[in-house]
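1. Below is the structure, and that's it, no one-letter string:
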């Protein structure tokens, strides 16, 4: 598996059901009461974070998804932790609903807002950079998605194209992502690692390929 320098390759991969993954993530925070569990899904571009978040949302009644791309829209690549914590994660910890319009949404006239109803069971927060020390107090469990970079880059090219402008965007992104990931080591902090994209035979409708977190 090709990984960026500094990332530790997970071992002990096994096939489990989506329900087993939900159970393990719940058991990481058994004493949560009066508010939703907040569970992070992190990984590099093309790993399948949004797809996994949607699968987990479907598996858990009364759950919802927050995308960090919405927080980071027209913002620096990773300098959005404080905005996410203050306006989304902390209200969720108080058992409150969320209705948040980030400043760039207002500046650029983007309609709507980031909304989460009160009374949800689980909130899945997905996006590159969500597993970080700054946000650890507000996360009850987390998933790091690890996969071969060649395959992830192929999927990104299919999704976003391979124009000169897109290649420049990816290069600019990596200049921020690589030192950030080396500092935060999300693969070591995560509750669970999920293969993204998976390479082991499994039922994609009901199963995931998982491994324990890796050391630094």
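-> Yes, it's here. No experiment lies behind these values; they were computed from the predicted model shown.
2. can you pull out the helices in this protein?
-> Secondary structure of the chain (DSSP state H): helices located at 18-27, 49-59, 68-72, 81-84, 90-93, 103-107, 149-160, 164-184, 186-189.
3. Turn these into a markdown table, columns for mean pLDDT, mean neighbour count and distance to residue 42.
-> (Each C-beta comes from the backbone N, C-alpha and C, glycine too.) Below are the helices of the chain laid out as a markdown table (pLDDT from 0 to 100; neighbours: other Cβ atoms under 10 Å; distance: least, Cβ to Cβ, whole Å):
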| stretch | mean pLDDT | mean neighbour count | distance to residue 42 |
| --- | --- | --- | --- |
| helix 18-27 | 97 | 16 | 13 |
| helix 49-59 | 95 | 18 | 7 |
| helix 68-72 | 92 | 20 | 9 |
| helix 81-84 | 94 | 18 | 13 |
| helix 90-93 | 97 | 18 | 18 |
| helix 103-107 | 92 | 12 | 22 |
| helix 149-160 | 75 | 14 | 13 |
| helix 164-184 | 76 | 13 | 9 |
| helix 186-189 | 95 | 21 | 5 |
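4. So for residue 6, which of these sits nearest?
-> Residue 6 sits nearest to helix 164-184 of all the helices of the chain, at 4.6 Å, using Cβ to Cβ.
5. thinking again about what came up before, which of the helices of the chain sits closest to residue 206?
-> Per Cβ to Cβ, nearest to residue 206 of these: helix 18-27, 6.0 Å.
6. residues contacting the residue of the chain positioned farthest from its centre?
-> Ranked by distance from the centre of the chain (Cα atoms, centre = their mean), the top residue is residue 164, with 27.3 Å. Listed by Cβ atoms under 8 Å, 6 or more residues apart in numbering, residue 164 has no contact partners.
7. how close does it get to residue 33?
-> Distance of residue 164 to residue 33, given as Cβ to Cβ, to the nearest Å: 53 Å.
8. same deal with residue 179?
-> Separation of residue 179 from residue 33 (Cβ to Cβ): 38 Å.
9. got it, and residue 126?
-> Between residue 126 and residue 33 the computed distance is 24 Å (Cβ to Cβ).
10. Please apply the same query to residue 67.
-> Spatial separation of residue 67 from residue 33 under the definition Cβ to Cβ is 27 Å.
11. Equivalent analysis for residue 66, please.
-> Distance check for residue 66 against residue 33: by Cβ to Cβ, it reads 21 Å.
12. what does residue 92 give?
-> Counting by Cβ to Cβ - residue 92 and residue 33 are separated by 14 Å.
13. can you check residue 135 too?
-> Remark: distance between residue 135 and residue 33 (Cβ to Cβ) = 21 Å.
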